[in-house]
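In: Predicted coordinates and the sequence they were generated for:
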Amino acid sequence: MLHMPLENIRVIDLTQVWAGPLASRVLADFGAEVIKVESIQRPDLTRYSHRPASPPNGKLYNQGGYFHQYNRNKYGITLNLAKSQGRDIFMQLVECSDVVVENYARRVIESFRLSYEELIRVKPDIIVLSLNGYGNTGPYRDGVAFGSTIEAVSGVKSLIGYGDGAPIYCGATIADPLSAMYGVFAVLGALAYRDETGKGQFIELSMHEAVDSIMEEATLEYTVGKHEPRQLGAHHPYFAPYGCYRCRNGDSWVTISVTSDEEWASLCKAVGNPALDAEKFSDPLSRWENRDELDNLISEWTTRHDKFEVMSDLQKAGVPAGACINGQDILQNPHLNERGYFWSVTCPDTGVYPQVGPAVKMSETPATLRLPPPALGEHNKYVLGELLGMSTEDIAALEKEKIIGNEPVY
């Protein structure tokens, strides 16, 4: 029988959107029993996001592709935590669980009376991961946060752009997934600590600080060099050629990254342009100082070739290169498909479609797909009835009072 590393861990998932749901989903992928808590008064915001172009005749609030990607392998219940009955049921769940993950604003957690101090009264060894924008102290503690604003406040956006122009939005935000991975690491560390000591703990994770933690190079450039890092577009601050080059077939690109004389020699051989042998390209500093002219010469070659062809030829020559691929390319990528990277997920309201699978492959305890993303309130009867022992009559009464349910109330 296949055993999973977290199969005896129960997680209460009080999160929405991306960072929190991704953290709890990783725990779920590796075996944790994760119970996602929403409310019919305020379901997860992403339930309506990225719906299929031609969905089955299902409920719209169960079709969000964004929601499905980050909430597979979870049970889903609804609880109105603003009501005393909903809070009491939540506390019963805490009492029989190991971890609570939440990413609500401080004022919301305080209004629900679900602080760490409240939770340890019913479960002294509970582990609580509080993942929010700015942490629980400091001038920004009550600030509303999304990945794009966190990246601005953390300094990332100041580095993305061309010359002295306005900062450019990064197409894929890093704040949420980075914070999620820090959260997973912290929960695993807290579980190991509890195994040794019997003690739980409170984990405070600020997205602001998570993103600032990867800004060390920019911080060092200011503290040591006494100047602000510059926007360099697709260029590198001291390597060349290093950037994106247009390929054949219109809006098609490849990234080439040369960081040594050996790689430069291999690139010159592959390109076959005598102009690259000029003295002004003979050493790393000269290549960097003449990078614009160098980029034009390389582009003359790349525009005659397919991006995957350039990638393959340069990789064989020992030059780091990667085709710039889009969403369709990702799904059709032969390398990822051969490695079984995608999982096929079936949901009644959306049909069958592929999802990005786990990035980690463990030889003895691999991640598995056990549950599709939950419909709103799908597992109310299982969690409240089987786990908490409530009667059918009690559950029906909660539905009547709109403490639970499976349809949104606006």
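Out: Arrived safely, thanks for sending. Numbers count the residues shown, from 1 in each chain.
In: which helix is the longest one in this protein?
Out: When the chain is parsed with DSSP state H, its longest helix is helix 175-197.
In: can you give me how far that helix is from the chain middle?
Out: Offset of helix 175-197 from its chain centre (CA atoms, centre = their mean, to the nearest Å): 15 Å.
In: just checking, next helix/strand downstream of that helix?
Out: strand 201-206 (DSSP states H and E).
In: need the contact list for the closest residue to L294 other than its chain neighbours.
Out: Counting by CB to CB, 6 or more residues apart in numbering, the nearest residue to L294 once its immediate chain neighbours are dropped is P241, at 5.4 Å. C-beta coordinates here come from the backbone N, C-alpha and C atoms, glycine included. Neighbouring residues of P241 by CB atoms under 8 Å, 6 or more residues apart in numbering: I256, V258, L267, R287, R291, L294, D295, I298.
In: what does A275 give?
Out: L297.
In: Nearest residue to P374 in space, please, no chain neighbours.
Out: P374 sits nearest to G76 (CB to CB, 6+ apart), 2.7 Å away.
In: which residues does that neighbour form a beta bridge with?
Out: Counting by DSSP bridges, G76 is bridged to K36.
In: That one is in contact with P372, isn't it?
Out: No. In this structure G76 lies outside contact range of P372 using CB atoms under 8 Å: 10.2 Å.
In: Show me which of these two is the more surrounded one.
Out: Taking other CB atoms under 10 Å, G76 and P372 do not tie; G76 has more neighbours (27 against 19).
In: What's the mean pLDDT across the host helix or strand of H335?
Out: Using DSSP H and E, H335 maps to helix 334-338. Averaging pLDDT along helix 334-338 gives 93.
In: again with stretch 23-36
Out: 97.
In: farthest residue from the center of the chain?
Out: Distance to the chain centre peaks in the chain at E279, reaching 45.7 Å (criterion: CA atoms, centre = their mean).
In: what's the nearest residue to it if we skip its chain neighbours?
Out: S286 (7.6 Å).
In: correct me, but that neighbour touches E293?
Out: No. Counting by CB under 8 Å, S286 does not reach E293; the two are 10.8 Å apart.
In: Which neighbours do those two have in common?
Out: Contacts common to S286 and E293, judged by CB under 8 Å, 6+ apart, are K280.
In: circling back: and the residue nearest to E279, helix, strand or coil?
Out: Reduced to three states with DSSP: H, G, I helix; E, B strand; the rest coil, the structure at S286 is helix.
In: G389 versus that one, what's the distance?
Out: 76 Å (CB to CB, to the nearest Å).
In: In terms of neighbours, single out the busier of the two.
Out: Shown here are S286 and G389; by other CB under 10 Å, S286 has more neighbours (15 against 9).
In: Name the nearest residue to the residue nearest the centre of the chain, sequence neighbours excluded.
Out: Residue closest to the average C-alpha location in the chain (CA atoms, centre = their mean): P177, at 2.6 Å. Counting by CB to CB, 6+ apart, L22 is the residue found nearest to P177 once chain neighbours are left out, at 6.2 Å.
In: Tell me how many other residues crowd G233.
Out: Neighbours around G233, by other CB under 10 Å: 13.
In: Cross-check the contact I'm expecting between it and I168.
Out: No. Checked against CB under 8 Å, the pair G233 and I168 is beyond contact range at 9.2 Å.
In: Common neighbours of these two, please.
Out: Joint contacts of G233 and I168 (CB under 8 Å, 6+ apart) are G161, Y162.
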